[in-house]
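Asker: no sequence for this one, just the structure:
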């Protein structure tokens, strides 16, 4: 007897049930999540990212930043994320409600970036870090992204975004010529805008640590 059709149907239904359990169930559970409205503050969280941050997401994706950085803070007891200062709380599904593609990442060659906007709120720091990571993080293994910047002749007023390089560094790399300045390109501006938007500081109800109740009973 040819059992091929039965084997095929068995495999088909096994895959169908697996898909239903893994994909469809999660979609039902999380697909209807919406931003949380805090009545006391009169604000909605997470805040909707700006257009600049959205463009920066595309630059982040294009440069492959997600291959070396994750964007998920693990709960206490499941890693040392909190001890490393990567976040004040664990990441929850609602944090990603505005993201069509979530950059959770699979490797941490560099630190987690889910809250980098809160840890490093200075745009100047991010510009320097992108131009040469060792300027802000000695010993960093991150590749420099100098191509995101332009060394140009000053026309009129100096740009307020001119990178403030250490004098010795600028002299060593011939970046201290009179009448010239090093400025970020629009792609660098967008990427920094995106990085500054990464801050999950609001504590959603589901993000609060679980504290088990003490069992009560008659004496």
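Answerer: That came in fine, so what should we check first? The structure presented is a predicted model; accordingly, all values stated were derived computationally and were not measured.

Asker: Contact partners for the residue nearest to residue 167 when sequence neighbours are not counted?
Answerer: Spatial nearest neighbour of residue 167, excluding adjacent residues (C-beta to C-beta, 6 or more residues apart in numbering): residue 176 at 7.2 Å. Quick note: C-beta positions are derived from backbone N, CA and C, even for glycine. Residue 176 is in contact with 165, 167, 170, counting by C-beta atoms under 8 Å, 6 or more residues apart in numbering.

Asker: what about residue 176, distance to residue 125?
Answerer: According to C-beta to C-beta, to the nearest Å, residue 176 stands 21 Å off from residue 125.

Asker: One more: residue 34?
Answerer: Distance from residue 34 to residue 125, by C-beta to C-beta: 33 Å.

Asker: the more surrounded of these two?
Answerer: Taking neighbours as other C-beta atoms under 10 Å, residue 34 and residue 125 compare with residue 125 leading, 16 against 8.

Asker: Any idea what residue 183 is bridged to?
Answerer: For residue 183, the beta-bridge partners under DSSP bridges are residue 150.

Asker: Off-centre distance for the lengthiest helix in the chain?
Answerer: Counting residues, the longest helix found in the chain (DSSP state H) is helix 4-19. Relative to its chain's centre, helix 4-19 lies at 39 Å (C-alpha atoms, centre = their mean, to the nearest Å).

Asker: what does stretch 34-41 give?
Answerer: 22 Å.

Asker: Now the terminal residues of it, how far apart.
Answerer: 17 Å (C-alpha to C-alpha, to the nearest Å).

Asker: could you give the mean pLDDT of it?
Answerer: Average pLDDT, stretch 34-41: 89.

Asker: cool, and stretch 89-103?
Answerer: Mean predicted confidence for stretch 89-103 is 91.

Asker: pLDDT below threshold where in this structure?
Answerer: 1-2, 17, 19-31, 209-219 (pLDDT under 70).

Asker: ok, back up a step: turn the contacts of residue 176 into a markdown table, including neighbour count, secondary structure and distance to residue 191.
Answerer: Shown next, in a markdown table, are the contacts of residue 176 (neighbours: other C-beta atoms under 10 Å; DSSP: H, G, I helix; E, B strand; the rest coil; distance: C-beta to C-beta, whole Å):
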| residue | neighbour count | secondary structure | distance to residue 191 |
| --- | --- | --- | --- |
| 165 | 18 | coil | 19 |
| 167 | 8 | helix | 26 |
| 170 | 15 | helix | 22 |
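
Asker: want to try TSV for those, with distance to residue 92 as columns?
Answerer: Output for these, formatted as TSV (distance: C-beta to C-beta, whole Å):
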residue	distance to residue 92
165	40
167	45
170	44
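
Asker: from these, which is closest to residue 12?
Answerer: Distance to residue 12, by C-beta to C-beta, is smallest for residue 165 among the contacts of residue 176, at 62.2 Å.

Asker: so what's the closest one up against?
Answerer: Neighbour list for residue 165: 128, 135, 175, 176, 182 [criterion: C-beta under 8 Å, 6+ apart].

Asker: at 7 Å instead, please
Answerer: Contact analysis of residue 165 by C-beta atoms under 7 Å, 6 or more residues apart in numbering lists 175, 182.

Asker: what about it, distance to residue 63?
Answerer: Distance from residue 165 to residue 63, by C-beta to C-beta: 22 Å.

Asker: Same question for residue 139.
Answerer: Look at residue 139 and residue 63: by C-beta to C-beta, they are 22 Å apart.
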